[in-house]
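Asks: Kindly generate the corresponding structure for this input.
(chains A and B)
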Amino acid sequence: MNITNMTAVEIGAEIKKGSITAVDAVNAFYHVIETKESLINAFITLDKKAALKRAEEVQSQIESGKLTGALAGVPIAIKDNICTKDIKTTCASKMLKDYIPVYNATVVEKLEQAGAIIIGKLNMDEFAMGSTGETSYFGATKNPWDLKRVAGGSSSGAAAAIAANEAPISLGSDTGGSIRQPAAYCGVTGFKPTYGTVSRYGLIAYASSLDQIGTIANDVKDCAAVMDVIRGNDKLDSTSLNMNYESLLESLNSDIKGMKIGLPNQCFDNGLNEEVKKSILTMADKLESLGAVVEYIEMPFLDYVISTYYIIACAEASSNLSRFDGVKYGFRAENFDGLADMYNETRSQGFGDEVKKRILLGTFVLSSGYYDAYYRKALQVKSLIKKNFDEIFKTYDAILCPSAPTTAPKIGDSLSDPLQMYLSDIYTVSGNLAGLPGLSIPCGFDSEGMPIGAQIIGAPLEDKKILDIGYAYQQITDFHKRGCNR
Amino acid sequence: MNYEIVMGLEVHVELATKTKIFCSCTTEFGGAPNTHCCPVCTGMPGTLPVFNKKVLEYAVKAGVALNCDITRYNKFDRKNYFYPDLPKAYQISQLYLPFARNGKVDITTESGENKSIRIHEIHMEEDAGKLIHSPNGDATLTDYNRCGVPLIEIVSMPDFRSADEVIAYLEKLKTTFEYLGISDCKMQEGSMRADVNLSVRPLGSDKLGTRTEMKNLNSFKAIERAIGFESARQIDLIENGGVVVQETRRWDDNKGKSFSMRSKEDAQDYRYFPEPDIPPIIISDDLISSIKNDQPEFASNKVERYINDFGLPKADAQIIASSKYIAKIFEETTAICNNPKEVRYWIINQIMHFMNDKGILPEDIKLSAHKFAQFVDIVSSDRINRQTGRLVFEAMFLGSDDFDLEKYIKENRLEQVDDTDAIREAVLGVFSENPKTVEQYKNGQTKVVGFFVGQVMKAMRGKAKPDTVNKIVAEELLKL
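Replies: Down below sits the predicted model:
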C-alpha cells in the first residue's frame, strides 16, 4: 500500500479498517520528507519523535473506538502562522524564530480532538506577506514541479508539501489569495472558506478583516473532510459566525445540472497568459458537459480591487504587527540605547523588507491627513465591491476565473518588480474583500509542464455549492491526480 | 488684570466588573505581578478580544446617571502607539462612536454654589499595565495585571472655574458610581484618575486661552495644589510677556511643581481606525429603559428625604448621604429603632470621628444595623448617659462581630445611677471636700455650679444621670 499516494480520506478509511496504522502513516510521510525536504524546503519545524508518539496515542484511541472521524490517524501539516502549543511558531520571520506559543489555535484543538496528527510546521512568506514564498526568513520553498520556480505564496510550504507527497493534507491561511494561488502553482486543490466560518483564534494576524484559515489537499473530498473538522462558531473569536454546519464530506454532490456559472470578461483581458486562458475555457466546456450553464459576465470593479486590498490589508497589518516590539516575546535587538532605539533596532532587524514595506504603507494610509482619502475610502469601495458580488450571485451560483494570471514564475523574478507581483493577486483578492468562499483546482498544464489552476468563487456561505462544482469536475478529469513524482 | 481659570477634566474610572473587558481574567486589585493575565490581555500573537457584556451594562448605567444621550450603534476603535505598558501597541478604545454624549452633572461646591457641568462624551476602553522602575534605574519591569481592566473615560466641557468645583465634581462622580455599584472610585488605588486641562484668560473674555494638560494627580489635595500652581504659572508667564505652550505636564506632588512631559505639537498621531476584531455593539432601547428604571436613589434625593422625613440638618444629611455605605447604616438602623436624630448623632459625632482617626473606610464598617439600633434604644431610654455611651459605642464599633451590648454594660457596671440618695450623698461629700468653692458660691459666684456637677459625676464614676445630678446639686445649694 503506497500510503503517500493516497488521499487523506483513503488513509483514514484504511486505518479504520485496520490495514494500516497511524504510526505507519506518519512513518510513510516522514520517509518522503527525509528524502525530499532538502530540495523542497516546505517545512520550518519537524519533530518525528513527537509525531510518532502522538500517532501511538491516536492509534489506541481508534482501536478502542474513541476516535471515529474521517481524519483520525491522518497526518497533517500546519502553516507556521497558526499557533501550536509548545511547538515553535515562527511566521517565517526572524522576529519569531524561537517563539513557542503557550496555547493552541482553536483549529489545532479541533484537529487534535479529531485525531489528526500534526507532523510539522510549514514554510510561508514572512507574516503571510508575499505571493511567492520568497520573503521567508528560512529561504524560499521550491515548486516540486520545477525546483527553479516558486511554490507561490504565502502558503508556499502547504502547497509544496502536498504536491511533493510530504503530507496528505495541510492547513494554510488566505488573506489575498495565499491558499488559492500556491495551490494553483503546485497543481493541488486549495480551499478558502467564507469569512467567519473558521475561527481565527490562534492565527497570527495579518489583516483581521480578510484573514481566513483554509486547507490545501490533493482533492476536493479531502478539503471537505478538513473543513468539517475546523469550521464552527468559536466564543474566542467575535468575528466567527454563530451557526451550525452540516457535514460537507457526507453531502458532497457531483450533480451540478442547471448551475449557472459566470465567466468575468475582465478576467480574460490582456495580462492573462494564453495557455491559462485556454485551460480555464476548456474547463468551462467540461462544466457545461455536466449540465452547468456558463455565461460571460461583467465585473467592472475588478479595476479597483488591488488598491482597495493593499490599503486595507497593509493598514490592518501595520497595527497587528505593532505588538512585535521586543518587550514581551520574540526577537529583541542586542545593542540599543534607550527605549525608542530598542523599538527601532528590534523592528528594523527583526522584520524582512516586504514586511517593513507593508507596515510603512499601512501606517501612511492610517495617518492623520491621509486617513479619509485612503483608508476610509478603501472601506467604502470594499462595501461597494461586496454589493456588486451580491448582485452577481442573485443570478449566478458561482464565478469561474483563473487563480493566477500565469503559471509559477522563476525564483528571483518577482521580488524585483513588486508592483507587478501585487497585480498578480488580481483574481484572488476580491474573494477576501467580500468574504467569499474560493476553491482553486488543477485544470491543466502549460507547455512547460507547469500546473494551471482555476478558481471557483461562491456567494457567502455557499461553500458547499462550490465544493460540489469542484467535486463534479474532479470526477471527470485527472489533473489533480497527476503527481509531479520528483 | 484679573484672570479667570478655565478647566476641563478627563476622568478615567475603573469599572468593578469581576473580569476584564476583553478576556476572562480577574480585575482584582493587587496580586503578584503577571498572575492575573492570559494570552489575550498580554497581547500574545494570534489572540483576539471578546467583549464582556457586563462592562456595557455598567457603562450605560454611568451614562444614564450622568444624563447623557446613549449611542445606539457603537463601535470600538484602535488607538495605536508604542509603550511597554501596552502589550498590543494599541489600546482598544472608542473614538468615533462613544457610547454616551452630551450629559450633565449638577454640583454644589463647599461654599454652597450650585452649578451644572456639561459632559462632552463618555467612552469605554481598556486599561494598560503598570511599569515599575527599578530603584537603581537600570531596568523597567512590566506588570500586566491591570492590562484589560475596563475603564470609562468621562470627558467634560471646559466648564470648571475653580478647584472647589473640580473637587465637588469628582466627589459627585464618586458617590454616584458608588451608589450604582459600578466602581469604588479610589484615587489611591487608581480606580479613579483625573487629568486636568487648564488655561487662563482675562476676566470677561470669552476666548479660550492655550491650555496645558496635567497628569499624575493622585489625590484631591494634589489636584488642588496642581491647579493653584499651574494657574499661577500661566498667569505669571503671560504677565511677563510670555506665551503658554500647549503641552502635557506631569505633576510632582512632593516638589509641588509640574514639569513638561511632551509638547502637544509633536502630538502623537494615534492612527485611529475601527477595531476589525469586534463587531458593532447595539445598545437596545430595552436595556436603556431597564437601567433607567433600576436606578438607585442617589445622594441628592436622599438628602431631601433626610431633611423632610427625618428632620436632619442639611449639612448632616449631606455627610450621611455622601457615602452609600453610611446612608445604608443610617437608613437601616433608623428603620429598626425609629430614632433618626439619635442615629444621626452617633454617626456624625462618633463614626465619622473613628473613620478619620483610624483611617477606616465606609465600606469597611462592620457595625450591624441591629446592634446599632439596640444601642440607640439603650441610650435614648436613659439606661446609660451620653458620656458612658461614647465608651460603649467605641467598644461596640471597634469590637468583633460577636460583641454583646448587654453583656458589656453589665460586666462593666455602666448602667446609669438614678439613686437620689447615692447622688445626694456624693453631692454632700463634694461640698465638704471643697469648702473654699462653697464659700465662692455663697459669695455669688454661681459659675462654680458646673464645678460641683463635674466633681459629683467624677465621684459617681460618670454613671450618674446628669439631669438628676443637676437637680440635686441645685437643691443642696439652696439649702446652704
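
Asks: what residues are up against A:D98?
Replies: A:K88, A:T90, A:G330, A:F331 (Cβ atoms under 8 Å, 6 or more residues apart in numbering or on different chains). From N, CA and C alone the C-beta is placed, and that goes for glycine too.

Asks: what's the neighbour count on the first one?
Replies: Just to be clear, that refers to A:K88. Using other Cβ atoms under 10 Å in any protein chain shown, A:K88 has 16 neighbouring residues.

Asks: Which strand or helix spans the nearest residue to it once chain neighbours are set aside?
Replies: Of all residues not flanking A:K88 in the chain, A:T45 sits nearest, at 5.1 Å (Cβ to Cβ, 6 or more residues apart in numbering or on different chains). Following DSSP states H and E, one finds A:T45 within strand A:43-46.

Asks: moving C-terminal of that strand, what's the next helix or strand?
Replies: helix A:48-63.

Asks: which secondary structure elements does that following helix contact?
Replies: Packed against helix A:48-63 by the contact rule (3 or more Cβ pairs under 8 Å, 6 or more residues apart in numbering or on different chains; DSSP states H and E) you find helix A:8-17, helix A:22-40, strand A:117-122.

Asks: check contacts around residue 169.
Replies: Let's take chain A. A:8, A:71, A:74-77, A:116, A:162, A:215-217, A:222, A:225-226.

Asks: meant chain B, my bad for not saying
Replies: B:Y169 neighbours (Cβ under 8 Å, 6+ apart): B:L9, B:V105, B:I107, B:I117, B:S156, B:F160.

Asks: Quick one: residues contacting residue 18.
Replies: As the question left the chain open, I've gone with chain A. Contacts of A:G18 (Cβ under 8 Å, 6+ apart): none.

Asks: Can you look at chain B instead?
Replies: B:T26, B:T27, B:K54.

Asks: B:R390 is in contact with B:H353, isn't it?
Replies: No: applying Cβ atoms under 8 Å as the test, B:R390 and B:H353 come out as separate, 9.7 Å apart.

Asks: how about the residues of the stretch 51-200 of chain A near chain B?
Replies: Residues of the stretch 51-200 of chain A lying near chain B by Cβ under 8 Å from any Cβ of the partner chain: A:I82, A:C83, A:T89, A:C91, A:L96, A:Y99, A:P101, A:V102, A:Y103, A:A105, A:R200.

Asks: repeat that for 7 Å
Replies: Remark: the part of the stretch 51-200 of chain A in contact with chain B comprises A:C83, A:V102, A:Y103, A:A105, A:R200, using Cβ under 7 Å from any Cβ of the partner chain.

Asks: neighbour count winner among B:R390 and B:H353?
Replies: B:R390 (17 against 12).

Asks: Could you find the closest non-adjacent residue to that one?
Replies: Nearest one to B:R390, counting by Cβ to Cβ, 6+ apart, is B:Q350 at 6.8 Å.

Asks: Could you do B:R225 as well?
Replies: According to Cβ to Cβ, 6+ apart, the nearest residue to B:R225 is B:G256 (6.2 Å).

Asks: Quick one: mean pLDDT for stretch A:297-310?
Replies: For stretch A:297-310, the mean pLDDT works out to 93.

Asks: is that stretch up against chain B anywhere?
Replies: No: using Cβ under 7 Å from any Cβ, stretch A:297-310 stays clear of chain B, coming no nearer than 14.2 Å.

Asks: and that stretch, how far from the chain's centre?
Replies: Once both centres are worked out by Cα atoms, centre = their mean, to the nearest Å, stretch A:297-310 turns out to sit 21 Å from its chain's centre.

Asks: ok, now stretch B:9-25?
Replies: The answer for stretch B:9-25 is 19 Å, by Cα atoms, centre = their mean.

Asks: what helices or strands is the strand holding A:T45 leaning on?
Replies: strand A:117-122 (3 or more Cβ pairs under 7 Å, 6 or more residues apart in numbering or on different chains; DSSP states H and E).

Asks: can you do 8 Å?
Replies: Strand A:43-46 packs on helix A:22-40, strand A:117-122, helix A:156-163, going by 3+ Cβ pairs under 8 Å, 6+ apart.

Asks: could you dump those to a markdown table with mean pLDDT and mean neighbour count?
Replies: A markdown table is the format used below for the helices and strands packed on strand A:43-46 (pLDDT from 0 to 100; neighbours: other Cβ atoms under 10 Å in any protein chain shown):
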| stretch | mean pLDDT | mean neighbour count |
| --- | --- | --- |
| helix A:22-40 | 98 | 19 |
| strand A:117-122 | 98 | 27 |
| helix A:156-163 | 98 | 35 |
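
Asks: now the ones you listed as TSV including distance to A:A378?
Replies: What follows is the helices and strands packed on strand A:43-46, written out as TSV (distance: least, Cβ to Cβ, whole Å):
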stretch	distance to A:A378
helix A:22-40	37
strand A:117-122	31
helix A:156-163	27
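
Asks: before we move on, what SS does the closest residue to chain B within chain A have?
Replies: Chain B sits closest to A:S322 of chain A, with a gap of 3.4 Å, by Cβ to the nearest Cβ. The three-state assignment at A:S322 reads helix, by DSSP: H, G, I helix; E, B strand; the rest coil.
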